[in-house]
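give me the fold of what follows.
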Amino acid sequence: MTEKTTALTTESPKTVADKTQATRDESLYLAPPVDIFESEDALTVVTDLPGVTKEDVDVRVEDGILTIKGKASYAPAAETLREEFQLRGYYRQFQLSDLIDQNKISAEAKNGVLTILLPKAEKTKPRQIQVTVG
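The predicted model follows:
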């Protein structure tokens, strides 16, 4: 599994949008940190998405690319007097290999942590070959 990213540019989003047709919205995204673990049966991707609820996270696989997108939201209980940071959305993509069974991928969000289970395809799992006497 490799990460698939888009090229960064130093031009403003408006300048880039004027030159080419936009392929996604002009929102700014953060690349969330991930940990990837491998077991005999699967890869597990653990992603920190603080401020993102289960309803605001979007995990999809299309053309062998795993896309994680989350919208962070915060509604203070009182009037804001000073704001020093702005919550951003999260966006990250990974290229999946043929070793992953893309039809059995599952995801769980809990307490700002997204866990994605990427089961290995049956043909890639190690198996014991029975030896018989001929």
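
can you map out the strands along this protein?
Assigned by DSSP state E, the chain shows strands spanning 2-3, 29-30, 34-38, 42-48, 57-62, 65-70, 89-95, 106-110, 113-119.

ok, the residue nearest the centre of the chain - contacts?
Centroid-nearest residue in the chain: Ile68, 2.7 Å away (criterion: CA atoms, centre = their mean). Residues in contact with Ile68 (CB atoms under 8 Å, 6 or more residues apart in numbering) are Pro32, Thr47, Leu49, Val57, Asp58, Val59, Tyr90, Tyr91, Arg92, Gln93, Leu114, Ile116. Heads up, the C-betas are built off the backbone N, CA and C, glycines and all.

excluding chain neighbours, what is closest to it?
Excluding its sequence neighbours, the residue lying closest to Ile68 (CB to CB, 6 or more residues apart in numbering) is Arg92, at 4.8 Å.

run a quick neighbour tally on Arg88.
14 (other CB atoms under 10 Å).

what's the pLDDT at it?
For Arg88, the pLDDT comes out at 84.

excluding chain neighbours, what is closest to it?
Distance criterion CB to CB, 6+ apart; nearest residue to Arg88, sequence neighbours excluded, is Leu30 at 4.9 Å.

can you tell me which residues contact that neighbour?
Arg88, Gly89, Tyr90, Tyr91.

specify the beta-bridge partners of it.
Tyr90 (DSSP bridges).

now Ala42
According to DSSP bridges, beta-bridge pairing links Ala42 with Pro119.

I figured it hits Lys120, correct?
Yes - in this structure, Ala42 is within contact of Lys120 by CB atoms under 8 Å, at 5.8 Å.
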